[in-house]
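**Q** Sequence and predicted structure, then a few things I'm wondering about:
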Amino acid sequence: MAEAFIVQAVRTAGARRNGALAGVHPADLGAVVLDALVGRSGVDPAAIDDVIVGCVTQAGEQSFAFGRNMVLASRLPVSVPAVTVDRQCGSSQQALHFALQAVMSGTQDIVIAAGAESMTRVPMGSNYRLHDKAGIGEGPWSKAICERFGVAGFNQFAAAQAIADKYRFDRRALDEYALGSHRRAARAIQEGAFKEEIVPVGCEAGIFRQDEGVRIDASLEAMATVKPILEGGTVTAANASQMTDGAAGLLVVSEAALKRFRLEPIARICNLTVTAGDPVMMLEEPIAATRRALKRSGMRLWDIDLFEVNEAFASIPLAWLAALDADPGKLNVNGGAIALGHPLGATGAKLMTTLIHALRARGQRYGLQAMCEGGGTANVTIVEAL
């Protein structure tokens with residue numbers, strides 16, 4: 001099977017909900033990333049075979065062929081097609097998988113995998129909550145689904161709390177992990193670790209280019225004052241990911257395209273894995289997905305130099321570390337979603353962008369990215385930096 005290479009990986013800085021990017025239409029936000037990928041690579045934009053875009057809340061400004069609208073808002077020619085993917089929080093990681101599979105199959109040579117989400121302008125869950133308020137339909141889960149699993153619905157907050165309880169993570173353990181995320185992110189910003197991966201975005205306040213959710217003054221004392229999301233629980237907004245506006249993307253090409261356009265690859269893919277498990281416990285599935293990815297790739301956990309495991313909630317990476325006996329010093333070394341934000345459909349591409357740049361900056365070789373997803377699915381990608 002043919003190999004697939006990544007030649008560019010970029011992201012916008014993450015903006016707080018109602019923050020710096022609140023005035024930017026999500027299609028325009030995504031277009032910034034598309035233009036940067038083409039501009040930095042020098043590839044002929046008319047040669048792009050497809051654009052695959054991850055987006056979770058496909059409603060309002062993120063509806064009606066959102067990926068295509070990103071293309072129309074960009075400098076790409078109208079001849080470039082696009083499609084929108086929803087695998088919940090793993091949407092743009094799955095977009096990357098689809099792009100890689102297209103190139104590896106030999107059916108396409110140049111594909112952009114991207115993601116964009118404005119959690120300010122298109123609030124999380126609005127794609128079904130507005131229907132509920134209007135009395136339209138019975139919601140995303142039919143009575144048959146609920147009866148099968150003995151639930152009234154599926155709840156990520158309950159799942160995060162159940163995982164914390166299962167692995168016996170108390171409030172202090174979750175808050176300590178969250179504090180570490182802020183400290184790592186603050187250090188990365190101070191050291192310029194994100195300089196190469198972030199593309200600036202024009203906004204009402206000027207040019208936005210630095211993640212604004214990082215709390216440099218974060219402390220355990222302040223975190224301890226935040227109320228639990230569920231009564232009597234340990235999961236709080238302080239040890240969970242931040243609602244964020246942002247976009248990210250990667251340019252995937254074949255070996256033939258490398259030669260044709262004289263491109264320099266920055267990474268190649270070693271493994272693509274997706275699994276599914278318990279939809280009630282839902283957020284624990286990255287553990288099983290990681291085990292399968294390692295088995296299929298013939299690699300061992302200690303062969304991997306860096307890990308990016310999405311910090312949807314502190315209990316998720318902590319459980320992943322505990323179950324796999326992984327080295328915490330390799331995990332989310334530049335901070336994670338608790339500090340840098342989680343722009344839903346953009347996060348998969350965002351994490352891969354950060355992972356590739358971190359590997360190259362450190363002169364390291366292999367990275368593994370894992371993502372928990374609503375419904376109990378999980379994507380894992382193993383990449384080799386070049």
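**A** Alright, I've got the coordinates. Numbering: from 1, shown residues only.

**Q** For the helix or strand bottoming out on mean pLDDT in the chain, buried residues please.
**A** When the helices and strands of the chain are scored by mean pLDDT, DSSP states H and E, helix 126-133 comes last with a mean of 93. For helix 126-133, a neighbour-count test (16 or more other C-beta atoms under 10 Å) marks 126-127 as buried. In short, each C-beta sits where N, CA and C put it, glycine included.

**Q** Give me the contacts around the helix or strand harbouring Arg291.
**A** Taking DSSP states H and E as the criterion, Arg291 maps to helix 285-297. The contact list for helix 285-297 (C-beta atoms under 8 Å, 6 or more residues apart in numbering) reads 270-271, 273-278, 300-301, 309-310, 316, 319-320, 323-324, 368, 370-373, 376-382.

**Q** Name the residues of that helix that come out as buried.
**A** So helix 285-297, judged by 16+ other C-beta under 10 Å, has buried residues 285-294, 297.

**Q** same check, this time on stretch 50-57
**A** Buried residues in stretch 50-57, counted by 16+ other C-beta under 10 Å: 50-57.

**Q** my read: Gly23 touches Cys203, true?
**A** Yes. Gly23 is within contact range of Cys203, at 6.0 Å (criterion: C-beta atoms under 8 Å).

**Q** More neighbours: which of those two?
**A** Cys203 (17 against 11; other C-beta atoms under 10 Å).

**Q** tell me the contacts of the more buried one?
**A** Contacts of Cys203 (C-beta under 8 Å, 6+ apart): 20-21, 23-24.

**Q** Okay, helices next: where are they in the stretch 101-250 of the chain?
**A** Under the criterion DSSP state H, counting those that start in this stretch, the stretch 101-250 of the chain carries helices at the ranges 126-133, 143-149, 156-166, 171-190, 220-223.

**Q** mind putting these in CSV, distance to Ala82 included?
**A** Shown next, in CSV, are the helices of the stretch 101-250 of the chain (distance: least, C-beta to C-beta, whole Å):
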stretch, distance to Ala82
helix 126-133, 19
helix 143-149, 31
helix 156-166, 28
helix 171-190, 31
helix 220-223, 41
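
**Q** So which of these is nearest Ile356?
**A** When the helices of the stretch 101-250 of the chain are compared by C-beta to C-beta, helix 171-190 sits nearest Ile356, at 14.6 Å.

**Q** For that closest one, name the packing helices and strands.
**A** Counting contacts by 3 or more C-beta pairs under 8 Å, 6 or more residues apart in numbering; DSSP states H and E, helix 171-190 packs against helix 220-223, helix 315-324, helix 337-340.

**Q** Please repeat the previous calculation with a cut-off of 6 Å.
**A** On a contact count with 3 or more C-beta pairs under 6 Å, 6 or more residues apart in numbering; DSSP states H and E, helix 171-190 meets helix 220-223, helix 337-340.

**Q** Past the last one, which element shows up next along the chain?
**A** Sequence-wise, the next helix or strand beyond helix 337-340 is helix 347-362, with elements assigned using DSSP H and E.

**Q** Tell me what angle that next one forms with helix 171-190.
**A** Interaxial angle of helix 347-362 relative to helix 171-190 (axes from the mean of the first three to the mean of the last three C-alpha atoms, to 10 degrees): 60 degrees.

**Q** Name the residues of helix 347-362 that are buried.
**A** Neighbour-count burial for helix 347-362, counted by 16+ other C-beta under 10 Å, picks out 347-361.

**Q** Are there helices or strands packed against it, and which ones?
**A** strand 4-11, helix 91-104, strand 244-254, strand 306-309, strand 366-373, strand 377-385.

**Q** can you tell which of the ones you listed is closest to Val122?
**A** Between the helices and strands packed on helix 347-362, strand 244-254 lies closest to Val122; by C-beta to C-beta that is 9.5 Å.

**Q** Tell me the gap between that closest one and the middle of its chain.
**A** In terms of C-alpha atoms, centre = their mean, to the nearest Å, the centre of strand 244-254 is found 10 Å from the chain centre.

**Q** After that strand, which helix or strand is next? Please name it.
**A** With DSSP H and E, the next secondary element past strand 244-254 is helix 255-261.

**Q** So which bits of that next one are buried?
**A** 257-258, 261.

**Q** neighbouring contacts of it?
**A** Residues outside helix 255-261 that contact it (C-beta atoms under 6 Å, 6 or more residues apart in numbering) are 43, 109-110.

**Q** average model confidence for that helix?
**A** Per-region confidence: helix 255-261 scores 96 on mean pLDDT.

**Q** got it, and stretch 338-348?
**A** For stretch 338-348, the mean pLDDT works out to 98.

**Q** gap between the two ends of it?
**A** With C-alpha to C-alpha, to the nearest Å as the measure, the ends of stretch 338-348 fall 15 Å from one another.

**Q** mind listing what's buried in that stretch?
**A** Buried residues in stretch 338-348, counted by 16+ other C-beta under 10 Å: 338-348.

**Q** which one in the protein is furthest away from the centre?
**A** Farthest-out residue of the chain from its mean C-alpha position, per C-alpha atoms, centre = their mean: Gly135, at 32.4 Å.

**Q** re earlier: can you pick the most crowded of the contacts of helix 255-261?
**A** Counting by other C-beta under 10 Å, Ile110 has the largest number of neighbours within the contacts of helix 255-261, with 27 neighbours.

**Q** Could you report the separation of the residue nearest the centre of the chain from Val253?
**A** Residue closest to the average C-alpha location in the chain (C-alpha atoms, centre = their mean): Thr347, at 1.9 Å. The gap separating Thr347 from Val253 is 23 Å, by C-beta to C-beta, to the nearest Å.
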